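1. Need a 3D model of the sequence below.
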Amino acid sequence: MSVLDAPRGLHNVVVTSTSIGDVRGDEGFYHYRQYSAIDVAKTRTFEDAWFLMAVGHLPDRAELADFVRTIAPLRPLPDEVRESVSAVARTGPEQPLLALRTVLSGLAGAVPLYESTEADKQSTALRLCAMTPTILAAVHRIRSGLEPIEPREDLTTAQNWLFMISGEVPSAAHAGAVDRYLTATIDHGFNASTFTARVVASTGSDIASAVCAAIGAFAGPLHGGAPDRALEGLDQIADLGSADSWARTKIKAGERIMGFGHPVYRTEDPRSVMLRETAQELGGELIDKAAHVEKVIAAALAELKPDRKLYANVEYYAGVLMELCGIPRSMFTPTFACSRIVGWCANIVEQSADSKIIRPIARYDGPPAPEALPPL
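-> I've put the predicted structure just below:
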């Protein structure tokens, strides 16, 4: 059998086919099924995009209304899950995503999560996606010394997320901005967490196990865990006049500027462009500063790293937008996860239809073998 050497990180290696979506990095374009993801985010709702991921087409008004009625009662947590959330919030992992992973790992006893049919898989996926924001918001409030807040059936996913965190029904502007962010981050090609989820799904494992594996990958700082750190960079810039010297010092020291650069895009990240526009609609000193600093950093990167095309990525303006909407920084990445779990589940369900396990090989580069065992 011939062996094919793949580049590090499987860069540009096609590993399977998917009808869920794709990223065309050279064009600065990505899509959900046959639709521009940015167009979906700008003109439809998170629930529309969720339906598109789960069912395969955009819903008409009747289908959307039925879908909303279906997911609304799935958001509240069963009593057994509430007890688990409370215990994990008090004694479990500090990072919210890892707390979510711990809770989801224990769901099978309280909620039927093991699937045998396509309908079972879709049902489990909807339940996991619906409960995830409730779990994360409850963990946050318990750790803040507050009582968890029950989701409301009359609120959208974005509205409920802000409501369950703060206890107040959000303004239309804030809910709309968060809805647009959630919609724009549901799926993004074969990123590390999505690929991880599909590897687990290829073994025939259950959806919850695949999601837990995806969460572990997503929690890494090189993947989903950077929106708050991108905003921390803005905090370090005392005034607009110091932005250039701050950026150049970082670049010359070989430090990474969080919120800039992407492994796929060679143009502006379309998510970043849309989120900048959305944040500017909200207005305020923070977005004005962020837009100015973005231009300064981009110019410094272009001058000092002319061989690389580095632009603001989704994390840069995601942090700005969430800050403007009152989301605590510790909940920036969990907000991302509330969206991305929909994409994970769509990929898991799709992968589970393929009976071939994903089983690559590694090239061994250790000491030559076999070698005689050393004497005792």
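2. count of neighbours near Ala213?
-> Ala213 has 21 neighbours, counted by other C-beta atoms under 10 Å. Placement of C-beta: from N, CA and C, glycine included.
3. Ok, Pro375 next?
-> Counted with other C-beta under 10 Å, Pro375 comes out at 4.
4. and it, helix, strand or coil?
-> Taking DSSP: H, G, I helix; E, B strand; the rest coil as the rule, one finds Pro375 in the coil state.
5. would Val169 count as being in a helix?
-> No. The secondary structure assignment for Val169 gives coil rather than a helix, going by three-state DSSP.
6. ok, now which ones touch it?
-> Contact partners of Val169, counting by C-beta atoms under 8 Å, 6 or more residues apart in numbering, are Leu155, Gln159, Leu162, Phe163.
7. Go through stretch 84-91 and list whatever outside residues touch any part of it.
-> Looking at what lies outside stretch 84-91 - C-beta under 8 Å, 6+ apart - the contacts are 77, 99, 102-103, 106-107, 110, 135, 138-139, 142-143, 148.
8. and if you look at stretch 285-298?
-> 234, 237, 240, 243-244, 247, 257, 260, 276, 279-280, 310-312, 316-317, 320, 323-324.
9. Now with 7 Å, please.
-> Stretch 285-298 has contacts (C-beta atoms under 7 Å, 6 or more residues apart in numbering) with 234, 237, 240, 243-244, 247, 257, 260, 276, 279-280, 311-312, 316-317, 320, 323-324.
10. Now do the buried residues in that stretch.
-> Buried residues in stretch 285-298, counted by 16 or more other C-beta atoms under 10 Å: Leu286, Ile287, Lys289, Ala290, Val293, Glu294, Val296, Ile297, Ala298.
11. what's the spacing between Asn191 and Gly167?
-> From Asn191 over to Gly167 the distance is 33 Å, taken as C-beta to C-beta, to the nearest Å.
12. the more surrounded of these two?
-> The neighbour comparison of Asn191 against Gly167 (other C-beta under 10 Å) goes to Asn191, with 21 against 11.
13. Tell me how the protein divides into domains.
-> Structurally, the chain divides into domains by automatic domain parsing as follows: 31-222+330-352, 227-324.
14. In JSON lines: those, plus distance to Thr18.
-> Converted to JSON lines, the domains of the chain look like this (distance: least, C-beta to C-beta, whole Å):
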{"stretch": "domain 31-222+330-352", "distance to Thr18": "6"}
{"stretch": "domain 227-324", "distance to Thr18": "15"}
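15. Can you pick out the most distant pair from the contacts of stretch 84-91?
-> When C-beta to C-beta is used, the two most widely separated members of the contacts of stretch 84-91 are Ala110 and Arg143, lying 21.7 Å apart.
16. for the stretch 51-200 of the chain, what are the low-confidence residue spans?
-> Where the stretch 51-200 of the chain drops to pLDDT under 70, the residues are 108-115.
17. switch to 90 and redo it
-> Per-residue confidence of the stretch 51-200 of the chain (counting by pLDDT under 90) places the weak regions at 80, 92-94, 105-120.
18. again with the stretch 251-376 of the chain
-> Along the stretch 251-376 of the chain, the model assigns pLDDT under 90 to residues 256-259, 261-264, 266, 307-309, 315, 363.
19. one step back: going through the contacts of Val169, which ones are buried?
-> If you count burial by 16+ other C-beta under 10 Å, the buried members of these come out as Leu155, Gln159, Leu162, Phe163.
20. now, which of those residues sits nearest Gly366?
-> Within the buried ones among the contacts of Val169, distances to Gly366 taken as C-beta to C-beta reach their minimum at Leu162, with 51.6 Å.
21. any idea which helix or strand carries that closest one?
-> Under the criterion of DSSP states H and E, Leu162 resides in helix 157-166.
22. next helix or strand past that helix?
-> Next along from helix 157-166, by DSSP H and E: helix 172-184.
23. which residues sit against that following helix?
-> The list of residues contacting helix 172-184 from outside it, by C-beta under 7 Å, 6+ apart, reads 37-38, 40-42, 45-46, 49, 156-159, 161-162, 271, 274-275, 278, 282, 318, 321, 325-326, 338-339.
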